[in-house]
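Participant: dropping the sequence and predicted coords here.
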Amino acid sequence: MIPRVRSPLRERAEIALVAFLTRLVLVCIVQPEPVWDGRYFDALARHLARGDGYATAVEGGDGALRFTAHYPVGYPALLSLAYRFFTAHVGVAFVLQALLGAALAWLVHALVGLGGHAKEARRAGLLTALFPSLVLQASLVMAEPLAAVLYALLVLAIIHQHTHRHRALYAAAFAGVVGACATLVRPQTVLIVPVLLGISAYRAQGGAGLWPAKWGRVAVFLAAFAAVVLPWSVRNTRVLDGPAFVSTNGGWNLAIGALPGASGRYRSLPAGHGCEAESGEVRVDRCLQAKALEAIADDPVKWLALIPAKLSYTMDYEAFPVEVLHESRPALVPEGLRKLGWRVLMVLHQGLLLGAAWRVFREQGMVGHRLGAIALALVPMAALGRPTSGGVAVALAGLLMMDRDLVRALIGGTLIVTLATHAVFFGEDRYHMVIEALLVVVLLRPRGRSPLNYSK
């Protein structure tokens with residue numbers, strides 16, 4: 001009897017369904033509520049759904065609203081569509097997050113399966129569907145699950161420019177739209193885009209010259225990107241007190257990681273930061289940026305010395321999903337369970353990161369590359385005087401960018417820019433959640449030769 005060959009598309013759909021149902025069961029049992037930034041995202045989405053525009057309540061204004069761009073618009077805009085088409089109930093937000101988790105499992109399966117790796121794709125899809133920290137993200141009314149989906153989709157869309165040559169321009173336009181949407185969710189994506197475009201353009205055709213077709217795809221990508229992002233920039237210029245590309249919190253975030261008393265992680269802005277007299281989102285943000293740059297210029301060594309701590313706070317542990325549940329449902333997640341959750345998620349996160357790093361390190365053929373990776377990993381450890389996964393993540397990103405498999409190289413570019421961004425601003429464990437599923441791809445995608453290998 002001939003065994004029945006499973007359709008990759010059907011298998012992908014089944015894995016996505018497992019991911020969706022797992023997350024749906026979680027939120028039905030826990031019944032979480034939005035906390036911290038989630039409250040703001042929920043409120044912003046409700047205003048959008050009611051037709052009030054992207055606005056927030058004026059403090060002491062008896063219900064009056066003012067236009068805002070402090071938080072990036074991407075996730076609240078998507079949530080507002082769900083509220084408008086269904087109902088403005090917080091349960092809709094958690095169903096949306098469950099759907100995003102299902103989409104992420106679908107995309108991971110697709111990325112690992114490129115080149116015909118069916119067994120590895122199945123394992124990667126199931127791991128993404130059932131990995132505890134990824135499941136727990138369904139209980140967050142936060143932008144990270146959407147950003148994770150868009151990052152994976154951006155890598156896949158760029159890959160399709162090479163695997164579907166007869167539709168390369170369409171794939172480039174789609175990739176530009178995806179990159180723009182990701183930028184509206186996480187503005188630092190605008191730094192990832194040129195890195196991925198550079199890797200894609202140079203590494204295709206074995207790194208041969210930048211022939212015209214490459215430039216054509218880049219031009220189409222940038223045109224599609226601008227068509228999506230620039231209207232929002234124009235809106236900000238029109239309704240705020242000055243121009244803002246996507247959001248008005250870049251200066252805030254730089255100040256958090258640079259003003260006196262900075263520790264490398266999130267904290268409230270210190271009293272007396274010097275911008276209290278400013279009004280208007282854009283002016284306040286520019287003032288904070290100026291104060292941060294002044295503090296960096298006054299003591300650049302101190303600011304540079306915080307980078308290992310920022311990387312450590314970003315990569316060394318994973319407590320945020322449990323903290324959100326504890327804050328939202330303290331009776332359901334008491335202190336003992338909270339601490340156990342920290343340990344379990346940290347061990348799983350470290351296992352995923354170190355497993356991916358070891359696999360790439362072991363498969364890297366050049367001794368010089370291996371020695372360079374070891375040196376990169378040891379620098380922050382020496383600076384902090386203790387082991388840290390921040391250096392491991394930087395070393396992994398460097399090795400991936402030199403990998404001949406284009407999927408891995410693009411993931412390396414995404415990872416290195418993500419780490420560099422938080423090395424400049426500040427670190428928290430929630431910020432690595434956007435690339436955790438990409439680590440699953442690295443862990444399980446074979447390096448063997450395939451149509452996506454750009455090395456001849």
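Facilitator: Received it, and whenever you're ready, just let me know what you need.

Participant: tell me the helices and strands packed up against the helix or strand bottoming out on mean pLDDT in the chain.
Facilitator: The helix or strand with the lowest mean pLDDT-type score in the chain, counting by mean pLDDT, DSSP states H and E, is helix 367-384 (a mean of 78). Contacts defined by 3 or more CB pairs under 8 Å, 6 or more residues apart in numbering; DSSP states H and E place helix 367-384 against helix 307-315, helix 389-401. The way it works is simple: take the backbone N, C-alpha and C, and place the C-beta from them, glycine included.

Participant: and of those helices, who's closest to P446?
Facilitator: If you check each of the helices and strands packed on helix 367-384 against P446 by CB to CB, helix 389-401 wins as the nearest, at 14.3 Å.

Participant: what does that closest one contact?
Facilitator: Residues from elsewhere that reach helix 389-401 (CB atoms under 8 Å, 6 or more residues apart in numbering): 199, 308, 310-312, 314-316, 350, 353-354, 356-357, 360-361, 364, 369, 372-374, 376-381, 408-409, 411-413, 415-416, 419, 427, 432, 442.

Participant: and these, which of them are buried?
Facilitator: 199, 308, 310-312, 314-316, 350, 353-354, 356-357, 360-361, 364, 369, 372-373, 376-377, 379-381, 408-409, 411-413, 415-416, 419, 427, 432, 442 (16 or more other CB atoms under 10 Å).

Participant: report the buried residues of stretch 91-107.
Facilitator: For stretch 91-107, using 16+ other CB under 10 Å, the buried residues are 92-107.

Participant: and of these, the nearest to P334?
Facilitator: P334 lies nearest to F94 out of the buried residues of stretch 91-107, by CB to CB, at 21.7 Å.

Participant: any idea how far G113 is from the closest residue to the closest one other than its chain neighbours?
Facilitator: Residue nearest to F94 in three dimensions, not counting chain neighbours: V27, with 4.1 Å by CB to CB, 6 or more residues apart in numbering. Using CB to CB, to the nearest Å, we find V27 at a distance of 29 Å from G113.

Participant: same check on L126?
Facilitator: Per CB to CB, L126 is found 13 Å from G113.

Participant: before we move on, what SS does T56 have?
Facilitator: strand (DSSP: H, G, I helix; E, B strand; the rest coil).

Participant: next up, the contacts around it.
Facilitator: With CB under 8 Å, 6+ apart, T56 has these contacts: 40, 43-44, 47, 65-66, 68, 70.

Participant: now do the helix or strand in which K339 is found: distance to the chain's middle.
Facilitator: If you go by DSSP states H and E, K339 is part of helix 335-363. Taking CA atoms, centre = their mean, to the nearest Å, one finds helix 335-363 lying 18 Å from the centre of the chain it belongs to.

Participant: what helices or strands is it leaning on?
Facilitator: Short answer (3+ CB pairs under 8 Å, 6+ apart): helix 335-363 packs on helix 132-136, helix 320-328, helix 389-401, helix 436-444.

Participant: do that again at 10 Å, thanks
Facilitator: Here helix 335-363 touches helix 132-136, helix 307-315, helix 320-328, helix 367-384, helix 389-401, helix 406-424, helix 436-444, going by 3 or more CB pairs under 10 Å, 6 or more residues apart in numbering; DSSP states H and E.

Participant: and the contacts of the fourth one?
Facilitator: Outside helix 367-384, the residues that touch it by CB atoms under 10 Å, 6 or more residues apart in numbering are 304-312, 315-316, 357, 360-362, 364, 366, 386-399, 402-403, 423.

Participant: and for the shortest one?
Facilitator: Contacts of helix 132-136 from elsewhere in the structure, counted by CB under 10 Å, 6+ apart, are 19, 22-23, 25-27, 30, 32, 98, 101, 104-105, 108, 127-129, 145, 148, 318-322, 324-325, 341, 344-346, 348-349, 352, 429, 432-433, 436-437, 440.

Participant: out of the residues you listed, which are buried?
Facilitator: Neighbour-count burial (16+ other CB under 10 Å) applied to the contacts of helix 132-136 gives 19, 22-23, 26-27, 30, 32, 98, 101, 104-105, 108, 127-129, 145, 148, 318-322, 324-325, 341, 345-346, 348-349, 352, 429, 432-433, 436-437, 440.

Participant: how about the strands in the stretch 51-200 of the chain?
Facilitator: With DSSP state E, counting those that start in this stretch as the definition, the stretch 51-200 of the chain shows strands at residue ranges 55-57, 65-67.

Participant: right, and those - which one's nearest S233?
Facilitator: Among these, strand 65-67 sits nearest to S233 (CB to CB), with 13.9 Å.

Participant: which parts of that closest one are buried?
Facilitator: Applying a neighbour-count criterion of 16+ other CB under 10 Å, the buried positions in strand 65-67 are F67.

Participant: what's the spacing between it and its chain's center?
Facilitator: Centroid separation between strand 65-67 and its chain, computed with CA atoms, centre = their mean, is 28 Å.

Participant: residue ranges with poor pLDDT in the stretch 1-150 of the chain?
Facilitator: By pLDDT under 70, the low-scoring segments of the stretch 1-150 of the chain are 1-6, 60-61.

Participant: tabulate the strands of the stretch 51-200 of the chain (TSV), appending distance to P187.
Facilitator: Below are the strands of the stretch 51-200 of the chain laid out as TSV (distance: least, CB to CB, whole Å):
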stretch	distance to P187
strand 55-57	18
strand 65-67	18
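
Participant: okay, stretch 112-124 in CSV with CA atoms only?
Facilitator: The C-alpha coordinates for stretch 112-124 follow below in CSV (Å, rounded to 0.1, in the frame of the first residue of the first chain):
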residue,chain,number,x,y,z
VAL,A,112,11.4,26.0,7.7
GLY,A,113,9.8,24.0,4.9
LEU,A,114,11.3,26.1,2.1
GLY,A,115,13.5,23.8,0.1
GLY,A,116,11.6,20.7,0.9
HIS,A,117,12.3,20.2,4.6
ALA,A,118,8.9,18.6,5.4
LYS,A,119,9.8,16.9,8.7
GLU,A,120,11.6,19.8,10.1
ALA,A,121,8.8,22.2,9.1
ARG,A,122,6.3,20.0,11.0
ARG,A,123,8.4,20.1,14.1
ALA,A,124,9.0,23.8,13.9
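
Participant: buried residues, that stretch. List them.
Facilitator: Neighbour-count burial for stretch 112-124, with 16+ other CB under 10 Å as criterion, is recorded at 112-115, 117, 120-124.
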